[in-house]
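# Predicted model, plus sequence, below.
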Amino acid sequence: MLKKKYSAAILNYAAALEKYYEFYIEVICRFNHESKDDKWNAVRKKSGAQLELFENEYFNNEGRKPYLLTGELRNLRNRVIHHGHFPSYEEVKEYGKGVFIAIKEDLDFLNKKYKIILQEIIVEHNMQKAKKIPAGYSISTTLIDTGVSISTSQNWNNMTFEKVIDNAKLYLIIEDNAESIMAITNLIRGDISLEECKTLFLKILNQFIKK
């Protein structure tokens, strides 16, 4: 979105929402001692069927309808994917905000009702990642303040889509100026002069202002 790849942004947002549907199905299947694969594999490649399964399972288990995207936003997704529509920045922003709210509305609820199951999923996920680490390397876990997360330590009340975008802008600046930021570290270590560091720091600041 911030790199002006608007169609790709819509696809990524839509994929994130579908991953959330799958995640909910996994949580509820564990809670009910059922096989997630038996339910999800049948709809894995069918977006409409995924949504229908999510709605039905949610209503059957929670006794209410989940928060869903508006018909207008769902139509935007279909126009981009199936009809080659090139969305504007404002359309992408509204779609992204809708997806963010749809996921965020439920995560706090899930963290409270299914806390133990979510913790199990986190542990299993970390163990799977650890298996891919070559022998001899140490392993550590770092928590990053993201827009949505199954971490129960998140402060959901203070997170908005606008803050997510601001954080993403900062990450892009860091990514684009990694070499310059490293120079500050080199200054602290005495590897470059103060004047050189000032020049690089101003470059970073100008990039931040532009974004």
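That came in fine, so what should we check first?
# does Phe100 count as helix, strand or coil?
Classification of Phe100 by DSSP: H, G, I helix; E, B strand; the rest coil places it in helix.
# Hmm, it is touching Val164, no?
Yes: counting by CB atoms under 8 Å, Val164 is a contact partner of Phe100 at 6.5 Å. The way it works is simple: take the backbone N, C-alpha and C, and place the C-beta from them, glycine included.
# between those two, which one's more packed in?
Between Phe100 and Val164, Phe100 has the larger neighbour count (other CB atoms under 10 Å), namely 21 against 18.
# Name the nearest residue to that one, ignoring sequence neighbours.
Nearest residue to Phe100 in three dimensions, chain neighbours excluded: Phe161, at 4.5 Å (CB to CB, 6 or more residues apart in numbering).
# Can you verify my assumption that the one you found contacts Lys97?
Yes: using CB under 8 Å, Phe161 makes contact with Lys97 at a distance of 4.3 Å.
# Mean pLDDT per helix and strand in this structure: which one sits at the bottom?
Ranked by mean pLDDT, DSSP states H and E, the weakest helix or strand in the chain is helix 178-188, scoring a mean of 59.
# circling back to that earlier point, contacting residues around the residue nearest to Phe100?
Gly96, Lys97, Phe100, Ile101, Gly147 (CB atoms under 8 Å, 6 or more residues apart in numbering).
# Quick one: mean pLDDT for the helix or strand hosting Leu53?
Using DSSP states H and E, Leu53 sits within helix 47-62. Mean pLDDT, helix 47-62: 94.
# export the helix or strand following that helix as PDB, just CAs?
Under the assignment DSSP H and E, the closest C-terminal helix or strand after helix 47-62 is helix 71-83. Taking Å, rounded to 0.1, in the frame of the first residue of the first chain, the C-alpha atoms of helix 71-83 are listed here in PDB:
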ATOM      1  CA  GLY A  71     -20.900  -5.500   0.700                       C
ATOM      2  CA  GLU A  72     -19.100  -2.500  -0.900                       C
ATOM      3  CA  LEU A  73     -15.700  -3.600   0.300                       C
ATOM      4  CA  ARG A  74     -16.300  -7.300  -0.700                       C
ATOM      5  CA  ASN A  75     -17.300  -6.000  -4.100                       C
ATOM      6  CA  LEU A  76     -14.100  -4.000  -4.300                       C
ATOM      7  CA  ARG A  77     -12.100  -7.100  -3.700                       C
ATOM      8  CA  ASN A  78     -13.900  -9.000  -6.400                       C
ATOM      9  CA  ARG A  79     -13.500  -6.100  -8.900                       C
ATOM     10  CA  VAL A  80      -9.700  -6.100  -8.300                       C
ATOM     11  CA  ILE A  81      -9.300  -9.900  -8.400                       C
ATOM     12  CA  HIS A  82     -11.700 -10.900 -11.100                       C
ATOM     13  CA  HIS A  83     -12.200  -7.800 -13.300                       C
END
